[in-house]
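>>> output the structure for:
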Amino acid sequence: MIKAITFDLDMTLIDFMNYKRKATSAAASAMIKAGYTGDRKKLKKELFDFYLSHGIESDDPFEKFLKNHKSYSDRILAAAINAYLKSKYPNIKPYPGVKKTLKKLKQKGYKLAIVTDAPKLKAYVRLDEMGIADMFDVVVGLEDTGRHKPSKLPFKKALKALHVKPSEAMHVGDWREKDVLGAKKMGMRSCLAHYGDQHIGRKVWADCYVDKVEDIVKVL
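Numbers count the residues shown, from 1 in each chain. Below you'll find the model as predicted:
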């Protein structure tokens, strides 16, 4: 019997790449306006691609990008950071149906947790901005174990805090080789969030699949 559900955060509860792309695009436009020399459209793509390769959770992508292109200036960097932040927060929104689904799951008595590779503070910032931080009994971030999924350690820490056995829990996530494989290694049920699945690689088959968040209730 399933008593608890653990969720990945980015691309499972929130369209992470969408808000990152929009915010980075705003930063690129601000850089051009502040004096960066280059084509706006080309810069938007180059800046976002660099963000991905440098580390999507990194705190210094714009500074590194400007230095790599020998175009660093405090003026341009400041403009990029301000534009990024102004665009970022209005676009941190949950997928349609997330709040309603989490509320239903809580009403049915399920324990809920987040298991993410993101730093814990950043995870809480996103959860708080979306207004769903109080829905979760536990949030496990990267620094809690120092290990990325599919390591069993993040899942193990969440289940221990929830006081449930692996056989009593299901993990929902978008990444087969991290979320699905990690859950399987831990002995949990696995559910692939098809709507956020953008990862091409080794096929790892989940126990169930959902095309929208609301389907999780039906699966259970």
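
>>> break down the chain into its strands, ranges please.
4-7, 111-115, 138-140, 169-173, 189-193, 208-210 (DSSP state E).

>>> can you list the domains in this structure?
4-15+94-219, 17-91 (automatic domain parsing).

>>> okay, those, which one's buried deepest?
Of all those, domain 4-15+94-219 has the most neighbours on average by mean count of other Cβ atoms under 10 Å, namely a mean of 19. Heads up, the C-betas are built off the backbone N, CA and C, glycines and all.

>>> ends of it, how far apart?
14 Å (Cα to Cα, to the nearest Å).

>>> circling back: want to try CSV for the domains of the chain, with mean pLDDT as columns?
Converted to CSV, these look like this (pLDDT from 0 to 100):
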stretch, mean pLDDT
domain 4-15+94-219, 95
domain 17-91, 96
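
>>> elements contacting the helix with the most length in the chain?
The residue-count maximum for a helix in the chain (DSSP state H) belongs to helix 16-33. Counting contacts by 3 or more Cβ pairs under 8 Å, 6 or more residues apart in numbering; DSSP states H and E, helix 16-33 is packed against helix 40-54, helix 61-68, helix 74-88.

>>> quick one: the last one to helix 40-54, angle?
Which is helix 74-88. 80 degrees (axes from the mean of the first three to the mean of the last three Cα atoms, to 10 degrees).

>>> and the angle for helix 74-88 with helix 16-33?
Using the same axes, to 10 degrees: helix 74-88 against helix 16-33 is 150 degrees.

>>> and stretch 106-125, how far apart are its ends?
End-to-end for stretch 106-125, by Cα to Cα: 21 Å.

>>> that stretch: how far from the chain's middle?
Taking Cα atoms, centre = their mean, to the nearest Å, one finds stretch 106-125 lying 11 Å from the centre of the chain it belongs to.

>>> again, but for stretch 64-79
So, by Cα atoms, centre = their mean, the centroid of stretch 64-79 is 27 Å from its chain's centroid.

>>> who touches it?
30-31, 33-37, 46-47, 50-51, 54, 58, 62-63, 80 (Cβ atoms under 8 Å, 6 or more residues apart in numbering).

>>> ok, so of those, who is nearest residue 187?
residue 58 (33.4 Å; Cβ to Cβ).

>>> and the closest one, what does it touch?
By Cβ under 8 Å, 6+ apart, the neighbours of residue 58 are 51, 64.

>>> show the backbone phi and psi for it.
phi -70, psi 160 (degrees, to the nearest 10).

>>> ok, so what distance separates it from residue 64?
8 Å (Cβ to Cβ, to the nearest Å).
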